[in-house]
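Chemist: I would like the atomic coordinates for the input below:
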Amino acid sequence: MELNNLNLLVISPHADDEVLMAGGLMQKVGQTLICPMAIGTTTSYHKGEVSQATRLSELNAITEVLPRVRICKPFSDKDRKLYDETHISDAISYLDRQVELFEPNIIVIPQQSHHQDH
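Modeler: Next up, the predicted model:
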C-alpha cells in the first residue's frame, strides 16, 4: 500500500503537538486532517504568554508548507478554557464525526504521558 494514497487523521491535544507526533508522516501521505482538541492562551516560563490567536496562526501555517493538510475546527477553542472542563462524551462525539467525514486509513494519537490532555 502506497502512503501517498492514504488519509491520515492526527488527533492533537494542542497546537504544535501534531508536528511532533506526525510531521514526517504528514509529508508522505495523500491527505491529512488535524483535529486540535484544545487551543487557548498559554503561559510558560521560557515563552511567557502565547495568545490563542498566535497558536491558531501557527497551526494554520502548516497548510502553507503542506498543502495536503487540513485543519478542522478545534474541539475547544474558547480562550483559557481547559480541556478537562468538558465531558469526555463530547470529545468522543467530535472525534467520531471527524472519522466519519474524513474516512482515515491511519489515526495518530499522542503517546501516553503524565500530561492530562494527552
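Chemist: Tell me which stretches of this protein form helices.
Modeler: Using DSSP state H, the helices found in the chain span residues 17-28, 52-65, 88-102.
Chemist: Residues touching the worst-scoring helix or strand of the chain on mean pLDDT, excluding its own?
Modeler: Every helix and strand of the chain was ranked by mean pLDDT, DSSP states H and E. The lowest is strand 42-44, at a mean of 78. Strand 42-44 has contacts (Cβ atoms under 8 Å, 6 or more residues apart in numbering) with 49, 50, 55. C-betas here are computed from N, CA, C, even on glycine.
Chemist: strands paired with that strand, and their directions?
Modeler: Strand 42-44 pairs in its sheet with strand 48-50 (antiparallel), by DSSP bridges.
Chemist: So for the strand it pairs with, mean pLDDT?
Modeler: What strand 48-50 shows for mean pLDDT is 85.
Chemist: Report the buried residues of that strand.
Modeler: Applying a neighbour-count criterion of 16 or more other Cβ atoms under 10 Å, one finds residue 50 buried in strand 48-50.
Chemist: quick one: that strand to chain centroid distance?
Modeler: Remark: strand 48-50 is offset 20 Å from the chain centroid, using Cα atoms, centre = their mean, to the nearest Å.
Chemist: now what about it, what contacts it?
Modeler: Outside strand 48-50, the residues that reach it (Cβ under 8 Å, 6+ apart) are 41, 42, 43, 44.
Chemist: In this structure residue 38 contacts residue 56, no?
Modeler: No. Between residue 38 and residue 56 there is no contact under Cβ atoms under 8 Å: 11.9 Å.
Chemist: neighbour-wise, which of these two wins?
Modeler: Comparing residue 38 with residue 56 by other Cβ atoms under 10 Å, the one with more neighbours is residue 38, at 24 against 17.
Chemist: Tell me the bridge partners for the more buried one.
Modeler: Beta-bridge partners of residue 38, as defined by DSSP bridges: residue 76.
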